[in-house]
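**Q** dropping a prediction and its sequence here:
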Amino acid sequence: MTWLSSRFTVRVLLALLAFLVLARLPAGMDIGFQFDAALAAVWGFGILSLVLLTGYVGQVSLCQATFAGVGAYAAGMMVSTFHVNYLVAVAVAVVAAFALGVVVGLPALRLSGITLAIVTLGIALVFDRYVFQDAAFAWFTGGSGGWRVDGARMFGFQMDSSKHLLAAYVVLVGLFCLVALLMVNLHESGAGRRFRAIRDSELAASTMGVNLTRYKLLAFGMSAAIAGLGGSFYPLVAGSVSPQPFWLFTSLQLAAIAVLMGVRYVPAAALGGVFMAFVPDVLTRFGHGSFRGQSYDISFDWFQIAVGVLLVIQLILLPDGVWGDLRNRVLHAMAPARSAARAVVKKSVTTA
Amino acid sequence: MATFAAYTIIGLSVGGVFALAALGIVLIYRTTGVLNFAHGAMGMFSTFVAWQIFYGIAHPFWPQWLATALAILAGLAFAAVMGLFLDLAVFRWVRTRPPVVKAVITIGILLALQATASLIWKNNQYHLSIYVLPKDWVVSVADVPVGANSIAIIAVALGLAFGLAAYLRYTGFGRSMRAVSDSPTAASLWAVPVGRVSAVSWMLGSLIAAVAGILITPFINFDTTSLTLLIIDALAAALIGGMVSLPLTVLGGFILGLLETYPTIWIQSIGFPRLVALVVILAVLIVRNPRGLTASR
């Protein structure tokens, strides 16, 4: 039972604690902020999928919102057309996103870096302008009206309308904490080591016997499945699905915010999700008024401007992202204390 | 046959648009090693500056030709300043970083420029196009009316491609630019002013983006997103040119324009041409694997 080390137990407890705190947090907020909180979890999944794909495996992707959109449309289609339980719809959505991820991963077997960025940008644009909007795919996207998910049920609870928003939120946050825990553990597992070997050098990894085809496709599939899992809850949160939330600029924002927050770190995904969901809403809500007789009106466009400018500054000054650099600084400052503590523990163990 | 001729001419003028947009990408990539995803957004922003002069300030009072000239000058001047600013404020500090990091930085610039333009000029409004040449100048080619603006695009694309190629090949500064594109370190050891080359490249690239944007407005839905998203078609054209050759890039633009236009004879869909562009990108990257991209930068 070596996997049941103290480190693992600490992580499980931390994930449980995070779930308990996060699940209770929006209870006192108004409906708008509850919606933001649920949306933060949806986009949190999107950024988490990039932590896996870019942070662990080193593959660039500019189409994560596309995966989330496929998850959202698949879930919407399952509920509206086949009237299944929402749990089944989520499962189908995750499988659909996984399949698309593997297909997107196929060209990635030959490409990397900026060429992969070009291809995934093209895929995001094709889904944005063609698949999500064209009449030929109305069976999947529900036409211009999109899908409505009235009467959706999960675990025997009603979850469809804004009255039941918190129920959907609790499920979302529970799943987010679970997937985040799995991701942290994946980092040191056998598959995680192979992923990181691919990130550091594909040539070296394949020389050591890592099956590049299998693990790259697996990484794309898993990443798409994580984004799709978040996206599959979007119809519950928003009440319907439309192409707008999953368009190209959302994919670019997801990539930008993931890098900004620290693309190698799981907690940065939660941070990024909150940033992406709350800041535009706070700007539109509180961004207008008057200050010393001068009236001002701050549009939510400022959010995207801030993301772009902050990304440029971060990449020049803090290459490891906001979370990564903060973490490194704290660890660095604590290093003497940590080594002292470790020495004390070691001494007590050897004397005992 | 008449429809075929008509679609060929439409395809060629669309291809001219792609070719113009792609030239700047290739130029900046060759000399600075930055794959500029913000190229469309930069062109878009300069074009809106020109549009502001054309319709906002000069239009009702002054003769048409003067307003047009002023608008183009303002757009180009803004573009040059923006290119210089981006080089000095951003790309000078990341010269030694991996190409992916530089590409992600341009995504940040894309997001900031697009949102700023949407803040100033509003996104969902239908903006009137800028006509560089009068709209009613029409020539008939094979019984198909061709606007003077289409011919201007094709001519400017060809002229810029061969002009820039000649500049890079035959002038001293062009030689410096090619030296930096081969190896910045070796070039600096030979006293090539690497900083000045990079600044000039960014200004030239930004200028080309502005020229493309201003000429393109009559042919696309002129808003803050369409010009920004033109980047995919431009990248496809640039990839056909191998990210190296300027004349081949223009040829790539025309090929892509025709490939995207012919299917619209049978398929009435706004999004379908994007699929064509993606297939072209995949085909070029997987079958040909351009040498410009595999260079060890």
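**A** Cool, got the structure.
**Q** quick one: contacts of the helix or strand encompassing residue A:7?
**A** Using DSSP states H and E, residue A:7 maps to helix A:6-24. For helix A:6-24, the surrounding residues in contact (C-beta atoms under 8 Å, 6 or more residues apart in numbering or on different chains) are A:169, A:170, A:173, A:174, A:177, A:178, A:180, A:181, A:184, A:185. Placement of C-beta: from N, CA and C, glycine included.
**Q** give me the distance between the fifth one and residue A:95.
**A** If I follow you right, that is residue A:177. 22 Å (C-beta to C-beta, to the nearest Å).
**Q** and these two? Which one has more around it.
**A** Set residue A:177 next to residue A:95 and count neighbours by other C-beta atoms under 10 Å in any protein chain shown: residue A:177 wins out with 21 against 15.
**Q** show the subsequent helix or strand relative to the host helix or strand of that one.
**A** Secondary-structure assignment from DSSP H and E places residue A:177 in helix A:165-188. Remark: after helix A:165-188, the chain's next helix or strand is helix A:190-200, criterion DSSP H and E.
**Q** can you give me the buried ones in the next helix or strand after that next one?
**A** Once helix A:190-200 ends, the next helix or strand along the chain (criterion: DSSP H and E) is helix A:202-207. Burial within helix A:202-207, assessed by neighbour count using 16 or more other C-beta atoms under 10 Å in any protein chain shown, is assigned to A:202, A:205.
**Q** packing partners of helix A:202-207?
**A** With contacts taken as 3 or more C-beta pairs under 8 Å, 6 or more residues apart in numbering or on different chains; DSSP states H and E, helix A:202-207 sits against helix A:190-200, helix A:212-232.
**Q** show me where pLDDT drops low in chain A?
**A** Residue ranges of chain A with pLDDT under 70: A:1-5, A:156, A:160-162, A:293, A:295, A:349-352.
**Q** now the strands for it?
**A** If DSSP state E is used as the criterion, the strands of chain A fall at A:153-154, A:157-158, A:288-291, A:294-297.
**Q** and the residue of the stretch 201-350 of chain A closest to chain B?
**A** At 2.9 Å from chain B, residue A:308 is the closest residue in the stretch 201-350 of chain A, using C-beta to the nearest C-beta.
**Q** find the nearest non-adjacent residue to that residue, please.
**A** Take residue A:308 and drop its neighbours on the chain: the residue closest to it by C-beta to C-beta, 6 or more residues apart in numbering or on different chains is residue B:112, 2.9 Å away.
**Q** after the longest helix anywhere in chain B comes which helix or strand?
**A** The helix that spans the most residues within chain B, counting by DSSP state H, is helix B:2-32. Proceeding N to C from helix B:2-32, the next assigned helix or strand is helix B:39-51, under DSSP H and E.
**Q** tell me if whichever helix or strand comes after that following helix is near chain A.
**A** Counting by DSSP H and E, the element after helix B:39-51 in chain order, helix or strand, is helix B:64-89. No. Figure legend: helix B:64-89 not in contact with chain A (C-beta under 8 Å from any C-beta of the partner chain); closest approach 8.6 Å.
**Q** who are the packing partners of helix B:64-89?
**A** So helix B:64-89, by 3+ C-beta pairs under 8 Å, 6+ apart, packs with helix B:39-51, helix B:194-216.
**Q** closest one to residue B:120 among these?
**A** Closest to residue B:120 of those, according to C-beta to C-beta: helix B:39-51, at 7.4 Å.
**Q** show me what that closest one is packed up against.
**A** helix B:2-32, helix B:64-89, helix B:99-121, helix B:194-216, helix B:224-229, helix B:231-240.
**Q** now residue A:109: phi and psi?
**A** When read as degrees, to the nearest 10, the backbone of residue A:109 gives phi -70, psi -30.
**Q** err, residue B:138, not the other one
**A** When read as degrees, to the nearest 10, the backbone of residue B:138 gives phi -130, psi 130.
**Q** relative to residue B:9, how far out is it?
**A** For residue B:138, the distance to residue B:9 - C-beta to C-beta - is 12 Å.
**Q** do the same with residue B:210
**A** Applying C-beta to C-beta to residue B:210 and residue B:9 gives a distance of 26 Å.
**Q** which of the two has more neighbours?
**A** The residue with more neighbours, out of residue B:210 and residue B:9, is residue B:210; 29 against 20, by other C-beta under 10 Å.
**Q** can you name the residues that contact that one?
**A** If you count contacts by C-beta under 8 Å, 6+ apart, then residue B:210 has B:42, B:43, B:46, B:47, B:50, B:75, B:76, B:78, B:79 around it.
**Q** please indicate which of those residues has the highest neighbour count?
**A** Highest count within the contacts of residue B:210 by other C-beta under 10 Å belongs to residue B:43, 33 neighbours.
**Q** got a list of what that residue touches?
**A** With contact set as C-beta under 8 Å, 6+ apart, residue B:43 has these partners: B:21, B:24, B:79, B:209, B:210, B:212, B:213, B:216, B:227, B:230.
**Q** burial of residue A:134, as a residue count?
**A** Neighbour tally, residue A:134, other C-beta under 10 Å: 16.
**Q** picking up where we left off before, okay, the helices and strands packed on helix B:39-51, which one's buried deepest?
**A** Of all the helices and strands packed on helix B:39-51, helix B:231-240 carries the top mean neighbour count, a mean of 30, counting by mean count of other C-beta atoms under 10 Å in any protein chain shown.
**Q** that helix - contacts with which helices or strands?
**A** Using 3+ C-beta pairs under 8 Å, 6+ apart as the test, helix B:231-240 ends up in contact with helix A:113-126, helix B:2-32, helix B:39-51, helix B:246-261, helix B:272-283.
**Q** again, 10 Å this time
**A** helix A:113-126, helix B:2-32, helix B:39-51, helix B:246-261, helix B:272-283, helix B:291-294 (3 or more C-beta pairs under 10 Å, 6 or more residues apart in numbering or on different chains; DSSP states H and E).
**Q** out of these, which comes closest to residue A:193?
**A** Closest among the helices and strands packed on helix B:231-240, using C-beta to C-beta: helix A:113-126, at 22.0 Å.
**Q** could the C-alpha coordinates of that closest one be exported in PDB?
**A** What follows is helix A:113-126, C-alpha atoms only, in PDB (Å, rounded to 0.1, in the frame of the first residue of the first chain):
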ATOM      1  CA  GLY A 113       5.100  24.000 -31.000                       C
ATOM      2  CA  ILE A 114       4.000  26.800 -33.400                       C
ATOM      3  CA  THR A 115       2.800  24.500 -36.200                       C
ATOM      4  CA  LEU A 116       0.500  22.800 -33.700                       C
ATOM      5  CA  ALA A 117      -0.700  26.200 -32.600                       C
ATOM      6  CA  ILE A 118      -1.600  27.100 -36.200                       C
ATOM      7  CA  VAL A 119      -3.500  23.800 -36.700                       C
ATOM      8  CA  THR A 120      -5.500  24.000 -33.400                       C
ATOM      9  CA  LEU A 121      -6.300  27.700 -34.200                       C
ATOM     10  CA  GLY A 122      -7.700  26.500 -37.500                       C
ATOM     11  CA  ILE A 123      -9.700  23.800 -35.800                       C
ATOM     12  CA  ALA A 124     -11.200  26.300 -33.400                       C
ATOM     13  CA  LEU A 125     -12.100  28.600 -36.300                       C
ATOM     14  CA  VAL A 126     -13.700  25.800 -38.300                       C
END
